[in-house]
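A.B. asks: With the input below, show me the fold.
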Amino acid sequence: MEPQEALAELLTLSSQIEDVAILGGSGFVLASSGAPERGEQLARVAADLLAAAADVRPTGQVSRVEVQRGEGSVFVVVEGGRTAVATTVPEPTAGLVLYDLRTALLRLDEAPAPSKPKKKGKPDA
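C.D. replies: Take a look at the predicted model:
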């Protein structure tokens, strides 16, 4: 599945996510729900949060981060070499948001659905 398709599906399914970006392995923006500048801003936030979490984690390996803010939360999920970062409404259902972000990342590895063959019919006269 293409990143923009996964992002559109995610936004359709999750009413708790306000802004989201899907990032490639080196942190570049593959898809974003907002303007390109917003996607870049979310990418920087994700990198900073993952670095800070890795500093306090003995193994240095971090697969998810949640930061609660008064006006909502920020979630970062790493899966399959890609990252999803999202802002949410206040008091989101954290487990559901994490599940939705992880699922969106996993969907990127799925092959696109085969297109339906065109029906052969009589040519228009």
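A.B. asks: Past the helix or strand Glu40 falls within, which element shows up next along the chain?
C.D. replies: Using DSSP states H and E, Glu40 falls within helix 36-56. Downstream of helix 36-56, the first helix or strand assigned by DSSP H and E is strand 64-69.
A.B. asks: which other residues reach that next one?
C.D. replies: Leu49, Leu50, Ala53, Ser73, Val74, Phe75, Val76, Val77, Val78, Ala94, Leu98 (C-beta atoms under 8 Å, 6 or more residues apart in numbering). Bear in mind the C-beta positions are built from the backbone N, C-alpha and C, glycine included.
A.B. asks: Show the buried residues in the residues you listed.
C.D. replies: With burial judged by 16 or more other C-beta atoms under 10 Å, the buried subset of the contacts of strand 64-69 is Leu49, Leu50, Ala53, Ser73, Val74, Phe75, Val76, Val77, Val78, Leu98.
A.B. asks: With adjacent residues omitted, what lies nearest to the second one?
C.D. replies: By that I understand Leu50. Val62 (5.5 Å; C-beta to C-beta, 6 or more residues apart in numbering).
A.B. asks: go on, the first one?
C.D. replies: Counting by C-beta to C-beta, 6+ apart, Val65 is the residue found nearest to Leu49 once chain neighbours are left out, at 4.7 Å.
A.B. asks: Ok, the fifth one next?
C.D. replies: Excluding its sequence neighbours, the residue lying closest to Val74 (C-beta to C-beta, 6+ apart) is Val67, at 4.6 Å.
A.B. asks: how much space between that neighbour and Val89?
C.D. replies: Separation of Val67 from Val89 (C-beta to C-beta, to the nearest Å): 14 Å.
A.B. asks: try Arg38
C.D. replies: Distance of Arg38 to Val89, given as C-beta to C-beta: 17 Å.
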